[in-house]
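[1] coordinates for the following, if possible.
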Amino acid sequence: MAIGDLLTTGFISHFEDGRILKHIYFSALMEPAVWGAELAMSLSGLEGRGYIYIVEPTGPFEDDPNLTNKKFPGNPTQSYRTCEPLRIVGVVEDWEGHPVELIRGMLDSLEDLKRRGLHVIED
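    Residues are numbered from 1 along each chain as shown. Below you'll find the predicted structure:
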């Protein structure tokens, strides 16, 4: 992906096999963006850190109910979703990832939700 490219919906979720997402998710803060990059790479079976893009919405967006309704009322993570494309306006080159054991703990929690038949993403 390059500056000016559009990130769009309609791709298979990293969190649920075969599920095509109708939203694309983004955050105004680095911490949720780092988690997004790390989990996307881990869940897709790819090596490396992933990418964090600086984006600008091309249409309306709303609070991400996966965080604001379930974990963090009031949206302190500044996490959002949209059905419209996001335009890449920059790339964050220098970011610090989480320790491997913390990522493993998050992946284990996600796997537990799947085992219990709970949707990881409310799309």
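[2] mind checking what helix or strand follows the lowest-mean-pLDDT helix or strand in the chain in sequence?
    Least confident element among the helices and strands of the chain, by mean pLDDT, DSSP states H and E: helix 65-68 (a mean of 75). Once the chain leaves helix 65-68, the next helix or strand it forms, by DSSP states H and E, is strand 79-82.
[3] centroid-nearest residue for this structure?
    For the chain, the residue nearest the mean C-alpha position is residue 36 (3.8 Å; CA atoms, centre = their mean).
[4] how far away is that residue from residue 73?
    According to CB to CB, to the nearest Å, residue 36 stands 20 Å off from residue 73. (C-beta placed from N, C-alpha, C; glycine too.)
[5] who's in contact with residue 7?
    Taking CB atoms under 8 Å, 6 or more residues apart in numbering, we find residue 7 in contact with 1, 24, 53, 55, 85-88.
[6] list just the nearest of those residues to residue 108.
    Nearest to residue 108 out of these is residue 24 (CB to CB; 25.9 Å).
[7] for the closest one, which non-adjacent residue is spatially closest?
    residue 9 (5.1 Å; CB to CB, 6 or more residues apart in numbering).
[8] show me the contacts for the one you found.
    Contacts of residue 9 by CB under 8 Å, 6+ apart are 21-24, 83, 85.
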